[in-house]
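Participant: sequence unknown, structure follows:
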């Protein structure tokens, strides 16, 4: 399947950006000084909805980050969605990170689940299973299974996922967006070799998270 391309400013932010610039321009025409905070808000919206192109690795059996942000969890645990032991790698996105989500591997979507839930601080460990979330079960052609979970946060209350069961994804392909800060969990096969460390800053579609063994 051909890789889809997206504009550098995410489509999810166009309406917000147009409205903020229009309001700032209107106020500027009346009294320029009063428009300053509105221009600052417009700049914030512009940076929040940016979606720069990334250089995605093509090396076999590599898992790339599904999100921009900081690695806050690396642990062995139970993958509740596939009922297996797995390694969980969690990436927390603050309001200054890019918020589009990219496929961690070239894969077929075996299943998709949506769970309504709370809006706790996404940095908390219990947010993984208590917050609103959208889950994808991905399977590579080598039959590696990966669970990719978009999790809403304290401020982020809108998870967007544009793919469905049986769709195919290229590694690094954009599949969703979470508005205003959140978290993405990856549940990897238990013998995966992790390539990141706690606290490391990672980039969607580009940073190698793990090697599948």
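Facilitator: Received the coordinates, thanks. Source: prediction; values computed, not measured. Residues are numbered from 1 along each chain as shown.

Participant: How far does the lowest-mean-pLDDT helix or strand in the chain sit from its chain's centre?
Facilitator: Lowest on mean pLDDT, DSSP states H and E among the helices and strands of the chain sits helix 127-130, with a mean of 75. Relative to its chain's centre, helix 127-130 lies at 16 Å (CA atoms, centre = their mean, to the nearest Å).

Participant: same for it, what does it pack against?
Facilitator: Other helices and strands packing on helix 127-130, by 3 or more CB pairs under 8 Å, 6 or more residues apart in numbering; DSSP states H and E, are strand 145-151, strand 182-189. Using the backbone N, CA and C atoms, a C-beta is placed for each residue, glycine as well.

Participant: quick one: strands adjacent to the helix or strand following the longest one?
Facilitator: Read it as strand 182-189. Scanning forward in sequence from strand 182-189 by DSSP states H and E, the next helix or strand is strand 193-194. The strands beside strand 193-194 in its sheet (DSSP bridges) come out as strand 208-211 (antiparallel).

Participant: What's the mean pLDDT across the strand it pairs with?
Facilitator: The average pLDDT within strand 208-211 is 97.

Participant: Please, which helix or strand holds residue 27?
Facilitator: Applying DSSP H and E, one finds residue 27 within helix 14-30.

Participant: what is the orientation angle of the helix or strand following that helix with helix 14-30?
Facilitator: Later in the chain than helix 14-30, the nearest helix or strand by DSSP H and E is helix 36-48. Our comparison of helix 36-48 with helix 14-30, counting by axes from the mean of the first three to the mean of the last three CA atoms, to 10 degrees, yields an angle of 160 degrees.
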